[in-house]
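# Pasted the sequence and its predicted model underneath.
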Amino acid sequence: MPDLLIELFSEEIPARMQARAGEDLKKRITSGLVEAGLTYSSAVALTTPRRLALAVEGVLAESPTIREERKGPKVGAPDKAIEGFLRGAGLTRDQLEERDTPKGAVYFAVIEKTGRPAAEIVAEVLEATIRNFPWPKSMRWGNGGLRWVRPLHSILCILSDESGAQVVPMMVEGIPAGDTTEGHRFMAPGRFSVNSFEDYAEKLKRSYVMLAPEERAEHIWNDAQNLAFAAGLDVVEDKGLLAEVAGLVEWPVVLMGQIDAEFLDLPPEVLQTSMKEHQKFFSVRNPRTERIERFITVANRETADNGATILAGNQKVLSARLADAKFFWDNDLRVAESDITHWTRALENVTFHNKLGTQAQRIQRIASLARELAPTTGVDANLSEKAARLAKADLSSEMVYEFPELQGLMGRYYIKAAGEDASVAAVAQEHYSPLGPSDDVPTSALSVTVALADKLDTLAGFWAIDEKPTGSKDPFALRRAALGVIRLVLSNDLRLPLDRFFDSQLVRAESAANNALPRENVEHLLDEIADHGVFGAAFQAVKEKIGEIPNSDFLKLEKKVPDSSDDLLDFFHDRLKVFLREEGIRHDIIDACIAMDGNDDLTLLVKRARALNAVIETEDGENLVQGFKRANNILAQAEEKDGVEYSYGAEIKFAETDSEKALFDALDTTKTNIDQALKSEDFPAAMSAMASLRAPVDAFFEDVQVNTDNDILRRNRLNLLNQIRQVCSSVADLTRIEG
Amino acid sequence: MTEPSSAPRSFQEIILRLQTYWASKGCAILQPYDMEVGAGTFHPATTLRALGSKAWAAAYVQPSRRPTDGRYGENPNRLQHYYQYQVLIKPSPPDLQDLYLGSLQAIGIDMELHDIRFVEDDWESPTLGAWGLGWEVWCDGMEVSQFTYFQQVGGHDCAPVSGELTYGLERLAMYVLGIDHVMDMPFNDPQSPSPLTYGEIFKQTEEEYARWNFDVANTDVLLRQFEEAEAECAAILAQEHKDPKTGKRIIMAHPAYDQCIKASHIFNLLDARGVISVTERQAYIGRVRALAKQCADAFVMTEAAGHAV
């Protein structure tokens, strides 16, 4: 069976696209072959900056001939039915066979698809693949209409077996397939022909091309480590950079160079970022000084001077780059040391969002919220406000303008340089966290406070201007912000009535989005929210004090803020369900807890949900829920039928059986236990107290008929069921539990 | 590939060699455009000539101004006024990469000793409504050129596609000549009777312009000039195609485009003066782009674009 070798040779393919392109080539070609009946035994895709290669082993020499029989209409069926059948089969009437079946004579079509040689199929599949290749970005060139990632120069496509290799005859936009390729652009120019994959790989290696990206990456990493090790240093690992660099060279040559002494005092992150982003250098650290002292660069060729010219050039470029970074750093330090508020003032001219005002206004809102949050997070309100005001000052710095990814980190350096306490400086870096689901959550109370204020402000702001996430669209990363709040609250065990903070921040956001709001009323309202904690009451108080307001935008807040606030809380509950799903807590269990009071206190809510989840996993818990539902159903039916609510206390004197009496006792004890447990927020104890009702409830249903003819007994029993309902409902809303 | 040439001795020798090289490859050697532009791409020989069906091959030096890059002549390689060398060939020839590498040989870069790399860099000019795919070309880790296959200009698809090469002349020359600070670079031959360095010619002007760009330029005047250029561009393009005086069909794409160039440069000055906020920035860029697009719309209707009347 022949092997297939394909190489698409082009101008330099972006490093970040190579791996995916190799996989796409493999997938499209192999599935195209298989669809046409050509099976194969194995396939491997290999990429370099200038080529996508695919080697498919053990391809069928031709696709098998396929014979298919189709049963058609009865002989004598209407013409229309027969014609339809003929169309489907692609045959004419005289080609049909008549066969006798138990149901009479029936037409049969016998369709034979003759096998085709592999070359023919490969040519078709390859052309279709080239023309429809899923490049993330593609282009045209010259006069042509073909799209490829960069100009495509040649196509190598051969089928080879023991008897030799054959070019697959095909042509795409004037580029014919052949059996030749090129080696390294500089070290081995000129074309050569190949007759198999082994021959191809071997000749490429002789022409200074390492075909496999993994081989290049491994080679780079080994040489880099060896060079660093020999000098008593460590290479800072960076897998992303390694993959990228391996995609920039066909013949990697690793070189290590010095960083000029005048730059060694730059923060290591600045050195690393500058070297990586601009030069694609690896950083080399001195384990004794912990400083980044050298760099590793990867050239694409060997030279007679062993890379001396190349290294000197790279060193020079780096010095120029770092001179820039040092220029920014020195300037920034000068500003930070003399008056860092210069930067916060500069943010008055920077727009955050056109409906939500400038960055400076945003920072003001965050600082106010940080102040309000302080008592709940246990930090000093003044300190918290100050840290929030400084946390984003570095957005005005030259370094962050040049390297946006250093935001926060630079703030930390600069705020320290401004003479602030290290804990205040740390806020600049930590208040952005947690960014992703695996990012660490800050633990310093000050950082936690500002991180919460930052995220809650973002959420309230975009809720106020109705820019909520929809479907897969979440351009302002609001889901991430909400998840951040959830993780900050839970991992720091914070007791935070979110609702009240939503309210005040929504009021602030509304006043930013709506300049018409009278400022003093807004201030007033915020004070009242801080006092009352309840928006409705706060708004009422403001209304009473200011008397009649003529149809102002301010009045619209009365309905808008509570609506947005509820909606935002729903959004948090949805995010919480996603978050707890990882712990294996079902959404209906969370719903049963959300239905309880205090559901904006996430710590409480999650404690309850975890306890409920644990108890439901026990046999008692599971059965109790069934018992509860049974009681609830009977009650609901009776209440609907009788048109009354059975909420009077049941009396034990009407109890007939032992199990009925036992249930009375059990409910009494359980109620006391649950109340006590809830008072101390001991949900596991409350839940297990509730689960202890399982046996008496089961026994009750076993022995006692609720709907008896005796009306007094029936009423008493229904009231008893109501007691079950009430006791259980003080723990969670079990009606929400599914199954 | 040809043998590497001997080492050049001055900035101007590098420019002259590029001129000679691209002339030998069939390019028309044009002169700089006589207006302030941010990059060689703004020259109508690139922006407008990349449009339309007619073949084109031109090379030229273009003085370029980026007010925000001014460093009072102190930074070793940042200047508010510098030179770009620009090549535009339409349709892009299949051997454009080799032609380009030949130009590096011509200015004395020995391919046997240096590491030349094509690193992904998709070019986009929001103000010109233009984009293309290509690379920045690295020589030993330094970006020495931009290499772009134009896909769209002024919102029009380029067909055929042009290949564009842009060399940052100072940076490239400093590298070739082994100079660390741009102001120390010999502008003419150091052996000549009156040797001049780059600094002797440009140090003072860098200071003067940096001061003017950052602190003195009258922003009220600039804002007005921006509005005027914008209005004039629209007014020019609103004219009938048929000239009432000569009776000829004369679409004034180039005069209109001059106003677009003017607006773009004034925007850069305003930016350097720090009076444009982030949101306004987008709006200004959008306004310049709208002008560029209208000029492109006008140019494609002309004979130079291959439009048949």
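That came through, no problem. Note that the coordinates shown come from a computational prediction; the quantities given were computed from them, not determined experimentally. Numbering: from 1, shown residues only, chains lettered A, B, ... in the order given.
# Where does pLDDT dip in chain A?
A:548-551 (pLDDT under 70).
# Can you pull the domain assignment for it?
Following the assignment in automatic domain parsing, chain A carries domains at A:3-62+A:117-206, A:66-113, A:213-338, A:344-582, A:602-736.
# Looking at these, which is nearest to B:Tyr33?
domain A:3-62+A:117-206 (26.4 Å; CB to CB). Bear in mind the C-beta positions are built from the backbone N, C-alpha and C, glycine included.
# The closest one: end-to-end distance?
Using CA to CA, to the nearest Å, the end-to-end distance of domain A:3-62+A:117-206 comes to 22 Å.
# wait, what's in contact with residue 61?
Looking at chain A here, since you left the chain open. Contact analysis of A:Ala61 by CB atoms under 8 Å, 6 or more residues apart in numbering or on different chains lists A:Met1, A:Pro2, A:Pro117, A:Ala118, A:Asp161.
# meant chain B actually
Neighbours of B:Val61 in contact, by CB under 8 Å, 6+ apart: B:Ile15, B:Gln19, B:Gln31, B:Pro32, B:Tyr83, B:Gln84, B:Tyr85, B:Gln86, B:Leu169.
# helix, strand or coil for it?
Judged by DSSP: H, G, I helix; E, B strand; the rest coil, the three-state class of B:Val61 is strand.
# beta partners of it?
With DSSP bridges as the criterion, B:Val61 is bridged to B:Tyr85.
# Next, please give the residue ranges for the strands of the stretch 151-300 of chain A.
Using DSSP state E, counting those that start in this stretch, the strands of the stretch 151-300 of chain A run over A:152-161, A:164-167, A:171-172, A:175-178, A:180-182, A:191-193, A:234-235, A:253-258, A:282-286, A:291-299.
# List of residues touching the third one?
Pointing back at strand A:171-172 there. A:Leu126, A:Glu127, A:Ile130, A:Arg131, A:Leu146, A:Leu152, A:Ile155, A:Ala177.
# and the helix or strand that contains A:Arg334, what does it pack onto?
Using DSSP states H and E, A:Arg334 sits in helix A:308-339. When contacts are defined as 3 or more CB pairs under 8 Å, 6 or more residues apart in numbering or on different chains; DSSP states H and E, helix A:308-339 sits against strand A:253-258, helix A:268-274, strand A:291-299, helix A:341-346, helix A:398-402, helix A:409-417, strand B:142-153.
# The ones you listed into a markdown table, with extra columns for mean neighbour count and distance to A:Pro437?
Below are those laid out as a markdown table (neighbours: other CB atoms under 10 Å in any protein chain shown; distance: least, CB to CB, whole Å):
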| stretch | mean neighbour count | distance to A:Pro437 |
| --- | --- | --- |
| strand A:253-258 | 20 | 36 |
| helix A:268-274 | 21 | 23 |
| strand A:291-299 | 23 | 30 |
| helix A:341-346 | 16 | 31 |
| helix A:398-402 | 20 | 25 |
| helix A:409-417 | 22 | 21 |
| strand B:142-153 | 24 | 37 |
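# and B:Ala304, which of these is closest to it?
strand B:142-153 (14.0 Å).
# how about the residues of the stretch 101-250 of chain A near chain B?
With CB under 8 Å from any CB of the partner chain as the criterion, the stretch 101-250 of chain A meets chain B at residues A:137-143, A:149-151, A:153, A:186, A:189, A:248-249.
# which among those end up buried?
By neighbour count, with 16 or more other CB atoms under 10 Å in any protein chain shown, those hold A:Met139, A:Arg140, A:Trp141, A:Gly142, A:Val149, A:Arg150, A:Pro151, A:His153, A:Phe186, A:Leu248, A:Val249 as buried.
# which one of the contacts of B:Val61 has the most neighbours?
Counting neighbours by other CB atoms under 10 Å in any protein chain shown, B:Gln86 leads the contacts of B:Val61 with 26 neighbours.
# How about that one, nearest residue that isn't a chain neighbour?
B:Gly40 (3.4 Å; CB to CB, 6 or more residues apart in numbering or on different chains).
# just B:Trp123 next, same as before
B:Thr148 (4.5 Å).
# And for A:Ser42?
A:Glu57 (4.8 Å).
# Number of residues surrounding the one you found?
15.
# Make sure it is actually in contact with A:Ala43.
Yes: between A:Glu57 and A:Ala43 there is a contact at 7.2 Å, judged by CB atoms under 8 Å.
# Could you give the number of residues near the residue in chain B that chain A sits nearest to?
Nearest to chain A in chain B, going by CB to the nearest CB, is B:Asp140, at a distance of 2.8 Å. Applying other CB under 10 Å, we find 24 residues neighbouring B:Asp140.
# circling back: columns distance to A:Leu569 on top of the strands of the stretch 151-300 of chain A, output as a markdown table?
Formatted as a markdown table, the strands of the stretch 151-300 of chain A follow (distance: least, CB to CB, whole Å):
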| stretch | distance to A:Leu569 |
| --- | --- |
| strand A:152-161 | 55 |
| strand A:164-167 | 68 |
| strand A:171-172 | 58 |
| strand A:175-178 | 61 |
| strand A:180-182 | 63 |
| strand A:191-193 | 68 |
| strand A:234-235 | 49 |
| strand A:253-258 | 56 |
| strand A:282-286 | 45 |
| strand A:291-299 | 47 |
